[in-house]
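Enquirer: Coordinates for the following, if possible.
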Amino acid sequence: MRLERLSSNQFKIFLTFDDLIERGLTKDDLWQDLPSMQALFHDMMFEASDELGFELEGVLLVQVHVLQAQGMLIIVTQNEIEQEDEEYLEMKVTLDESNELIFLFDTFEDIIQLSRSMLQAGINGGSIIYFDNHYYMLFTDKDVEEVDRENIIALLSEYASPSIVTSYRLLEYGKIIMKEDAIKQLTTFFNH
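Expert: Residues are numbered from 1 along each chain as shown. Below you'll find the model as predicted:
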């Protein structure tokens, strides 16, 4: 679990699926086992409070973004509402599942090496973005709708690692190298 303070009343938590398994939960539990998820959120909030020196009270707005193949990105915002009961803590949780795949590559050469295998697996789309001295490949639902996602994730994992950076951040602050059909373009240019 990774924690980062965003402002005086907001922090984020990144939890991988391995972190969930270590806590005895699965991805499916997010949608089906409410008591276990409430216990998980309760534990995470207090871990974050201790580690970040964040005083938890009042209403917490918790946005959970389930990132395909990566894990969960959780943004916690504390509303500063005057309350009579100082021991009061309420969480309003919103769940959002993202079906896009985002992987981080150390070098552009790794992306070139991957492209032929991806094309053979039926993928010719994707975007390439350069951000913070790394290359990222972003695949939307449309890019991977006709293929087995687990196979694609396994293939990507041979050359890259799942990204915890969201597509919003990449598109806002990164430099787009190839906007679409990245695999098709790479195999055309580099794999003769």
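
Enquirer: dump the residue contacts of the nearest residue to L25 once chain neighbours are set aside.
Expert: Nearest-residue entry for L25: S36, 5.9 Å, with adjacent residues in sequence omitted and distances by Cβ to Cβ, 6 or more residues apart in numbering. Quick note: C-beta positions are derived from backbone N, CA and C, even for glycine. Going by Cβ atoms under 8 Å, 6 or more residues apart in numbering, S36 touches 24-25, 29.

Enquirer: can I get these in TSV with neighbour count?
Expert: As requested, the contacts of S36 are exported to TSV (neighbours: other Cβ atoms under 10 Å):
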residue	neighbour count
G24	10
L25	18
D29	16
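
Enquirer: Return the subset of those lying in helices.
Expert: Counting by DSSP state H, the contacts of S36 place D29 in helices.

Enquirer: In CSV, list the contacts of S36 along with distance to L3 and pLDDT.
Expert: What follows is the contacts of S36, written out as CSV (distance: Cβ to Cβ, whole Å; pLDDT from 0 to 100):
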residue, distance to L3, pLDDT
G24, 21, 79
L25, 18, 78
D29, 21, 72
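
Enquirer: For I123, give its distance to Q113.
Expert: 14 Å (Cβ to Cβ, to the nearest Å).

Enquirer: Of the two, give the one with the bigger neighbour count.
Expert: Applying other Cβ atoms under 10 Å to I123 and Q113 shows that I123 carries more neighbours, namely 24 against 16.

Enquirer: Are we agreed that the more buried one is in a helix?
Expert: No - counting by DSSP: H, G, I helix; E, B strand; the rest coil, I123 falls outside a helix, being coil.

Enquirer: what sits against the nearest residue to it once chain neighbours are set aside?
Expert: Among residues not flanking I123 along the chain, I183 sits closest, at 5.4 Å (Cβ to Cβ, 6+ apart). Counting by Cβ under 8 Å, 6+ apart, I183 touches 115, 118-119, 123-126.
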